[in-house]
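# I'll drop the sequence and a predicted model, then ask my questions.
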Amino acid sequence: YLRESFQSGRPVWEILAEAAPATAMLALCAFVPALVWGLALGGLCARWPNSHLDRWLMSLSVLGYAVPSYVVALLLALLLAYAWGAWTGLPVQGPLYVLSDFGDWELHWENMVLPALALGMRPVALFTQLTRSTLLDVLGQDYVRTAVAKGLPPWRVWWRHALPNALNPVVSAATGWLGGLLSGAFFVENVFAFKGLGEVTVSALKAFDLPVVLGCVLFTACVFVVLNLLTDVLYRVVDPRVR
């Protein structure tokens, strides 16, 4: 029982139930492409270490990880939506669900593009660096050299022997970042006026609506607890030695 909002008088759990799905969809739309691209780019860097491609991708990943998400959000809104909006067709601001003139809620996916790009910039940089370092470490192990000496195809060595054993650090970082995206969405949602959990929390802070603030913080904490539990479960699936 989270009490009622001081401003609207509505139960806090109803406010969270309305705002959380949009933030969860935003976090997933940023997380899944970031994980896929991070694994792919990290694998390319590990396949050709110290090459021009490796140095170029590592430089971009360092830059992408160093820039805060809200700065990326401002730059994307300024360039892709404001300056080049006539070509991209992307709005500067807007929620995921928009009330139509007929009273129906319509889903506007174009409002998801820029917030997802802004949120996914730092995770893809981290996953690229982490995948590269773990793969280079695994590729130097004895069992990988033995698999190569036996004449196994390179793709089988990578997918069957190297990559599964390099996923443990990536799984740990990925689940942590998924929870971090939910909290990092607070800043990005306010840049793009994306009506989700972050916008609700910031509005409640400005209005000193303490029940809503406490409910949002409690919900975010529970998400982190569940994701940490999910990390332990995934360890057993990825690495049978953990069992």
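Great, that's in hand.

# which residues in the chain form helices?
Using DSSP state H, the helices of the chain run over residues 12-47, 52-66, 69-76, 85-88, 110-139, 142-149, 154-156, 163-165, 167-192, 197-206, 210-238.

# Can you give me every residue that contacts the residue nearest the centre of the chain?
Residue closest to the mean C-alpha point of the chain, counted by CA atoms, centre = their mean, is Phe31 at 3.1 Å. By CB atoms under 8 Å, 6 or more residues apart in numbering, the residues touching Phe31 are 120, 123, 174, 177-178, 181. In this view, the C-beta of every residue, glycine as well, is placed from N, C-alpha and C.

# likewise Ala24?
With the criterion set at CB under 8 Å, 6+ apart, Ala24 makes contact with Leu182.

# re the thing from before, so can I have TSV of the contacts of Phe31 showing neighbour count and distance to Ala221?
Below are the contacts of Phe31 laid out as TSV (neighbours: other CB atoms under 10 Å; distance: CB to CB, whole Å):
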residue	neighbour count	distance to Ala221
Gly120	26	23
Pro123	26	21
Ala174	22	19
Trp177	24	16
Leu178	23	14
Leu181	25	15
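
# For those, work out which two are farthest apart.
Maximum pairwise distance in the contacts of Phe31, criterion CB to CB, is 12.3 Å, between Gly120 and Ala174.

# Quick check: closest non-adjacent residue to Val92.
Distances taken as CB to CB, 6 or more residues apart in numbering place Ala81 nearest to Val92, at 4.2 Å, with adjacent residues excluded.

# quick one: the one you found and Leu35, what's the gap?
Separation of Ala81 from Leu35 (CB to CB, to the nearest Å): 25 Å.

# list the contacts for the residue nearest to Ala162 when sequence neighbours are not counted?
In this structure, Ala162 finds its nearest non-sequential neighbour in Val138, 5.0 Å apart by CB to CB, 6+ apart. By CB under 8 Å, 6+ apart, the residues touching Val138 are 144, 162, 165-166.

# Looking at these, which is nearest Ser100?
Each of the contacts of Val138 was scored against Ser100 by CB to CB, and Ala166 proved nearest at 47.9 Å.

# got a pLDDT number for that closest one?
You'll see Ala166 listed with a pLDDT of 77.

# Over to Pro33?
Looking at Pro33, its pLDDT reads 91.

# quick one: low-confidence ranges for this structure?
1, 183-184, 239-241 (pLDDT under 70).

# surely Leu2 meets Pro11?
Yes: using CB atoms under 8 Å, Leu2 makes contact with Pro11 at a distance of 7.0 Å.

# Please enumerate the shared neighbours of the two.
Common neighbours of Leu2 and Pro11, counting by CB under 8 Å, 6+ apart, are absent.

# how about the helices of the chain, which one is nearest Gly94?
helix 110-139 (4.0 Å).

# Could you pull up the residues touching the residue of the chain most remote from its centre?
The C-alpha centroid of the chain is most remote from Lys150, which lies 39.3 Å away (CA atoms, centre = their mean). Going by CB under 8 Å, 6+ apart, Lys150 touches no other residue.
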